[in-house]
Every structure is written in structure tokens, then in C-alpha cells.
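Q: Predicted structure and sequence below. I'll ask about it afterward.
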Amino acid sequence: MPVEKWSTAQVEVLAPDTSSVRAARGLSSAGSWSVSGRLDDILWGRCRNYQVCVDLAGPAFKCSCPSRKIPCKHALGLLLLWAGSDVSAATAPDFAIEWQAARAAKAAAAAQPRAATTPDPAAAAKRAEQRAEKVAGGMLELSRWLDDQMRQGVAGAQRGGAKPFDTMAARLVDAQAPAAATAVRRLGSIAGIGPHWADRLLGELALLRLLVAGHERLDELPAELAATVRSRIGFPVGTEEVLAGPRVTDRWQVIGQADTDSGDGNLTTRRTWLRGSSTGRFGLVLAFAAAGQPLVSDLVPGTEFRGDLTFYPGSVPLRALIASRDSAAEPFAAPDGAVPLADALGGWAATVAAEPWRNDAPVLLAGVTPTDDGWLVDESGAALPLAAGWREPWWLLAVAGAAPATVMAEWSPAGLRPLAAWHDGLFVPAAASVVDTTAPREPELPPDLLATALVGLARRPWPGDSTLLETAAIALTRRRAGVTPALSGHVPIPPAPPETTPPLPAVAGHRLVRILGEGVPGGAQLAQELLAQWLSAAAARGGHVPPVVLPALLDAGRRNSIIRPALAQVAGRRGAWLAGMRGDWRWLRDETVAAPASAAVWETGTVGERLGYLTELRRADPAAARELLAQTWAQESSEDRARFIAALGTGLSVDDDPFLEQALDDRRKEVRESALDLLRTLPGSALGARTAQRAQAAVRVEQRRLVVTPPDDLDTGMRRDGVAATPARGLGVSAWLLEEILAGAPLSIWSDPATMLRAVRGSDWEAALLHGWAKAAVQQDDAAWATVLLAEAAGVLRESVRWDLHLVLPPDELGRLAADALRREDGMAHRLLAIHPGNWPEELSVAVFETIAHRARNDRHTWQLGELCRSAAVAMPPSYAEAVGRLALQLDQEPADQSRVRPVADLARTLTFRHEMFQEFE
């Protein structure tokens, strides 16, 4: 029976660390695998020389690489390949068949009954008795210590720090009560820290008193409660003892997973929650890893399997072991048994009543929506707060668009900690928590209890029948068990508007996830450039990105303004909706996006929608668009006026000249500069006539001789027309003004560029004239002037101006210059490659390929080869992937330094990645 594919998210949660995820994403394309396939529930593949197998029924992993991580990047990459596209249908090789047979033999052997071993009952009883005596001594000392804390008062704990608690914890460790020791040691992280620390400290001390009382009456307690007390003290329960207990058979759905650190960095715990589809029972499976060791987990959130669980004894048996699996793990559309908030809290109340020491419990919530004040509200209006660090669930808003979703969470007195959600059949793991110091926290204990505990019983005796700590334990348990949802005051966020464009291809969305996670060849160095190319291709195709990537994508746009225009085209209406709720994402609403063909958008739309509407109207009716802008010009903000002026570049004509002339008097510099940029490229503009008159007055031909008369000073008219007031370093005022006047004048007033350059050669004003014409060529995008100036006057021009001229050259001409520089081993070659736009032309690509082959075999230093390969990775046509791959294979077989082979192999993988990326949009 075929196993349903897992999602990318379900694969990535198996990774032992984030670096493994990034590395695996780089191996998730078919080009990384020489062969792959599937044998029943076994995925197999060959990546380079490594043999990789994954048993989906486990899951279990095998790879011939030397990595100590389980699963390694190759196993994860094979799973990602299967999840994102598919493995091939090739015949299984011997290594896959042999591993499948070995797995089957191992399973058969495990099913055989083990030979019974008979431990010495007398020795076991003696060891148990000795431990019980030690624990009893430690708990007696803990009781006295608790009495001392109450006698002295907890106010002094703020000054004492963690040391007193560590001392008592060490005594409990000696007494073989490790769980109680951990509870005492945790008090050191509460005393004097954060709001209501005394309330929290008193609550924890009260629960310790309750534990001491439970130990004192251990023989009188019901068996389940006694087991809980023993567990909270630290008596061990062997794995075999648990597995020998009753089995619960069900279809177990893996509904959430979270990793927590011990605080000292020595131990990481993975908590995985399961829920039985028929029984409705929750099960918690724990996995542990020491510092520096990867976590091993064979449970994939969002999948289900049939099998048996056995539970650790206790009054609320939640922790479990997997006794057997009877099916492979398969995804499910949504978990069974989700309930409203009130019902979920009913289960929490029963849990706390049975086990007061429990600080959290699983809840599976049906149809909940975030609010803008950090709560989740269900369809009945009941609401519960999110815990600090999870109060802004952008991941959930992105996926569900504020529509009701099923959410798996852990509820504690601090609030809900979401672990996963399901919406429209899609499983989404929760994003990691963030630092949040603004979350409100209310005290849990009555003020009179706290007041007495602060000053101490020696100063303020407690009048109650029970001791102070016993009373506090009852009050705390009653408050926690009696919590109810808020029924008013929390309004769900209005849902996102429906999309008006189709979704982009699913395979392209999977690749975007890889790019955002830096799981690409070349890593983070190339991820930004590949992201820009992906977004450009997506914008050209049309459509919107998968909602799940929007938070990461908006963050990428926040950091990199270059990708914003293309990103805005594919973020969709949900992206704009999300951006409106967070300040550092609001840039998206200012980017040009396609707007509804309705005049109402000009009055009510976002800046981006208005800009899109104005641009489209300019294409259809330039005059109407200009009149529309003129009507609201006075009411527009200065930032918006600069954007709207730039939109007049579409359909620009001499009819726009009067409006742009008025903009030259705007109080905002950006508006004036935008108007100048358009007027300088507008034939027949009044600005062009004025600047031409100034230029011809300053430079004229008399009797076949060039006469230069620069202006003496900068007047108001020249300032208005964009002549800069501050000279470049090392230039006199007259030379600078001459340069600026020529920079603003139309190049059409001069003879052809070669004639003009011959005329100024040897003139005292040669440098100023050449720089003026060079700036004019850049501003007017005149390739003919740029070509002549670079060919005949490059040595005279300042470096900044010279490189600006290169940006005006046609791509083929710029490529020819770069190819020539490469062949001459000119240091300029790399700079020319860096500024070349888009894919390289054939001549340049051939020159780069030949240079890479030469340097890989002959250069002493590899940094030049690496730099050239990095440039080629994002600009060489992807069709060169096969040729570069053959070169890498040849180099690998030659007696060459591997440091030279690696950049070539990385280049081949990146070109293959880009080739596949662009194909996915077709």
C-alpha cells in the first residue's frame, strides 16, 4: 500500500539541528542525486558516493557518510526530494535490498519473546529499602528547609540569589531525589526576577510542601497518586517495566513537537505529543540529547500511525512509550477530537485536580482565531491568552488569514504555547518563540498569604488551621483548576481578503522555502541573489506565493530593498494584509501593486495600490492620469508626491512639461529630484531649452576653435534646474559649474561624440567637459556617448563616473569588455562581471568557462577561482550546468587540489538549481 507523501515541514522537523536543515535543502533537487528510487516503504538514493536509505515505516535512516547526526543531511535531502517532487522509478540496488532484509530480520527478532531473567529479589528489595531511607532523609530535610523559609520570610530571597536553593538541591541529589532537587534548583531562577516573583516563588514552595506531605503519606495514597508522588521526587521507572504494562491500541496522530533546553545547556529535551483518534488519549513521548549531540526522533508531526502505546504510571498518565508500530507514518488532513476552549479547560481542570504539580497540559483547540491583543478566541467568543513569546502568531495569521483553524497547544498558567495548526488540510508547525518582556502576568495567590510569606512567620504568625504553605497550595490549585475563558473584550482579527490571483506552482513554492532557509548551493552568500531571481521570475509569471512563507519573505524584504518591487507583485492580498499589522513590514503597502480597475482605489487604496492604478491609467490615458494626480496633489504627503511623480515616466510626453515644471518648486527635495529625472529625458522640455542655452553659452565654436566660458557663480535658476552647489573634491568652482551645466544639457545639441572629444583634446577645460558629457550620458542613458567616452577618455574620468558609464552600455558591449578583460587577466574583469545585468551573453559565458577551467588547473591561489565561480553562479546561463558539471567531474578525477574542485562543483550545482527553478515557472 503506497505511503502518502509527507510535507516539507514534516520532513524538516526530523532534523537534529538547523544547520542540517539548510544542508539538506541544498540536496533536495534531483540534480544532487545520481539515482534514487523507492522499494516498498524504503526510499533509497545515491548522492555523490554515499548510499542513503530511509525506512518510512520507522522512520529509520542509513547512510554511508561519516556524519554522526541522525538523520544526516543526505537522508533529509532524500526525504525532501520525495516530498517536493518524487524519487525516480529506478530498480533498487543491492544496498537498499540488503538493508530492507536486515530491517525485516531485526523486526522479526524483536517480536520473539525474550528469555526471562530472574533478578535476585532479596538484593533488589535491599537496594529499594536503602534508597527509600535516603529519600526519606532528604525529604525530611526539605521539610525543615521549607519551614525555615517561611519563618524567615521570602523577601530575603531577593538578596540571597540562587545559592541557598542550589545548596538544598545538592542535598536532595545526595539523597537520590533528583526530580525534587530540580524543582528546588528552579526556585533560584525565580527569586527576585521579573514581575510578581514573590507570588511565583511562594507558589512553587507550596507545591514542594504538598510533595513532602504526599511522601509522608505515601503508603496511604491511591496507587496512581502514589506513583505520581514518587515520580515527582525522582524514583525511577524502568523502560521494561513501562513496556510490560497495559497497551493502548489506536491510530496515533502526532500533533505537536517542541524542543526545550535545560537552562544550563547540558541537556535538550524533545517533547512530542500524540493523540489517539479513537480513545482520545494524549501521549507525551520524550527524547533527550546531551550537549553537542543531535536529537533522535522517529515521530513526524502531522503524520499518524497505527500501533500500541504504554503509559508511565501516575494519576494523570501522559508520558508514554511506543510499544509497537503496525503501519507506516502517513499525513492526515486534520486531527480528530479538537474541542472549544471551554471544553479544553475542563480537561485542564481535571488534570490539575489529579496532579497539582503539573504545570502544563495538552489542549487541541477547534476553530480558534488570533486577536490583536495576544489571545486566541473561538467561534463562541471564549478567549484564552497566548504565553509570552507567542503573542504575535504571524505564522498562524499567514497560513489561516485569521480564519478559524485547529491549534495544538500546551496550556499553562502563563498562557497557551502553540505547537502546530491545521487549516484547509495543511499542517503547519508553530514558529519559534521570541523574546517578549511586555506580556502581562497576574498574581495567583491571595494578598494576605503573600504579605505573611514576605515578612515571615516569625514576625507575622499565620492564623489559619492549616500551615501557610498548605493553605497556599490549596489556593494555587483551586485557582489553576478553576480558570475559565474570557467571554468578552477580545475580538478576532478580521479575516484576510480573498486572493485575486492564482497561486504559483506548488513546486516553485517548495523551492522558495529552500531559498529562504538558505538551503541552496553556496549557502547564505548566494541565497539573496537566488531569492531576487526567483521573485523576478515569479512576478513575470504572475500569481501569489504560498501563505506559509509570507513572514519570512516580508522579513527578507525588510532587510533588502532591492527585492521589494518584485516581492510586492507576488505577496498577494494576504501579504498586504499582514504588512498592515506590523510596522516594519509596512513598506510592502508602499510598493506598486496591481490595483482594481476602479477610480475608487485612488481615494481608498494603499499607496502601492494607488501607484499601481495611476501607472495603469498612464498607459491607457496619460492626460487623464495627470489630471487625476493634479486634483489631489496639494493633499498628498511629500513622500507620496515623489512616488507619484515617478509614475509619470509611463507615457511621458511634452504635455507633462508644465506639471513637472511646477514640481521643480516643491519644498521636498525628493519630489524635485524625481521631476528633474523625468525632465532631463523629455525632448522639448522647458528645462532642456534652459540647460541647452546655458551649455551653448558656456561652450561654443568660433572659427573652428572651441571657446569655453564657464559661469562665474551659481544663480537661483541654475539651482532650480538641478545644478549641484558643492564641487567634487579637488575641483575649482568654475570647472565644477561647467561640468554640472553640461551634465544637465541635452546631448543632442552637440555634434557626434567622437567629433566633440577630438575638439576638446588638449583644452584646459578638457576634464570638466568630459565629465559633464559623461554625466549627461548616464542621466540620459545614451549608450553611444558612453561607448565613445569609455573607449577614448576612460583614463581622464574619475572612477565613480567611469563606472557609472559602464551601467549605460548595452549588455552585449559590457559583456565584450568583461570577456576581453578576463582574457587579458585584467583586474577590472571581476568588477565588470559584478555590474553586468542579467544572464551573461554567449561570448562572456565562454570566456568565463575557459578561465574557470584554466584557473582550476593552474592557479596557485584559489580565492580568484572561488570569486569567479560565485559570480558565474548567479549570472551564467543555467544551460551551462551540464558543461560545468563535466568539468567538475574531470577535475575530480585529475590529481588536483580538492579546494579547486569544490568551487567548480558548487557552481555546477547552483546552475542546476537555477535551471530547475526557472523550469518550475513554465
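A: Thanks, I have it.
Q: distance between the strand or helix carrying residue 410 and the chain's centre?
A: Of the helices and strands defined by DSSP states H and E, residue 410 is found in strand 405-412. Counting by Cα atoms, centre = their mean, to the nearest Å, strand 405-412 is centred 22 Å from the centre of its parent chain.
Q: buried stuff in it?
A: Residues of strand 405-412 classed as buried by neighbour count (16 or more other Cβ atoms under 10 Å): 405-411. Placement of C-beta: from N, CA and C, glycine included.
Q: That strand - contacts with which helices or strands?
A: Applying 3 or more Cβ pairs under 8 Å, 6 or more residues apart in numbering; DSSP states H and E, one finds that strand 405-412 makes contact with strand 248-261, helix 341-354, strand 361-370, helix 394-400, strand 415-423.
Q: rerun at 7 Å
A: Packing partners of strand 405-412 (3 or more Cβ pairs under 7 Å, 6 or more residues apart in numbering; DSSP states H and E): strand 361-370, strand 415-423.
Q: Relative to residue 731, which of these is closest?
A: For residue 731, the closest of the helices and strands packed on strand 405-412 is strand 361-370, at 59.5 Å, according to Cβ to Cβ.
Q: So which residue is smack in the middle of the protein?
A: In the chain, the C-alpha nearest the mean C-alpha coordinate belongs to residue 552, at 4.3 Å (Cα atoms, centre = their mean).
Q: before we move on, what SS does that residue have?
A: Secondary structure state of residue 552, per DSSP: H, G, I helix; E, B strand; the rest coil, is helix.
Q: Generate a markdown table for the buried residues of strand 405-412, with pLDDT and distance to residue 752 as supplementary columns.
A: Shown next, in a markdown table, are the buried residues of strand 405-412 (pLDDT from 0 to 100; distance: Cβ to Cβ, whole Å):
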| residue | pLDDT | distance to residue 752 |
| --- | --- | --- |
| 405 | 97 | 68 |
| 406 | 97 | 72 |
| 407 | 97 | 71 |
| 408 | 97 | 74 |
| 409 | 97 | 74 |
| 410 | 96 | 77 |
| 411 | 96 | 80 |
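Q: Among the residues you listed, which one sits closest to residue 454?
A: residue 411 (29.1 Å).
Q: show me what contacts the closest one?
A: For residue 411, the residues meeting the contact criterion (Cβ atoms under 7 Å, 6 or more residues apart in numbering) are 348, 360-361, 363.
Q: So, low pLDDT: which residues of the stretch 551-700 of the chain?
A: In the predicted model of the stretch 551-700 of the chain, residues 595-597 satisfy pLDDT under 70.
Q: so where do the strands sit in it?
A: Along the stretch 551-700 of the chain, the stretches classed as strands by DSSP state E, counting those that start in this stretch are 699-702.
Q: low-confidence ranges in the stretch 751-900 of the chain?
A: 861, 896-897.
Q: Over to the stretch 251-400 of the chain?
A: Residue ranges of the stretch 251-400 of the chain with pLDDT under 70: 263-265, 291-294, 296-297.
Q: can we see that at 80?
A: Under the criterion pLDDT under 80, the flagged ranges of the stretch 251-400 of the chain are 262-266, 290-298.
Q: Give me the angle between the strand holding residue 410 and helix 341-354.
A: Between strand 405-412 and helix 341-354, the angle comes out at 30 degrees (axes from the mean of the first three to the mean of the last three Cα atoms, to 10 degrees).
Q: Can I get strand 405-412 in PDB? Just the C-alpha atoms.
A: What follows is strand 405-412, C-alpha atoms only, in PDB (Å, rounded to 0.1, in the frame of the first residue of the first chain):
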ATOM      1  CA  ALA A 405      -8.100  26.900  12.500                       C
ATOM      2  CA  THR A 406      -7.400  23.900  14.600                       C
ATOM      3  CA  VAL A 407      -4.500  24.600  17.000                       C
ATOM      4  CA  MET A 408      -2.500  22.200  19.200                       C
ATOM      5  CA  ALA A 409      -1.000  23.900  22.200                       C
ATOM      6  CA  GLU A 410       0.200  23.400  25.800                       C
ATOM      7  CA  TRP A 411      -1.800  25.300  28.300                       C
ATOM      8  CA  SER A 412      -0.100  26.600  31.500                       C
END
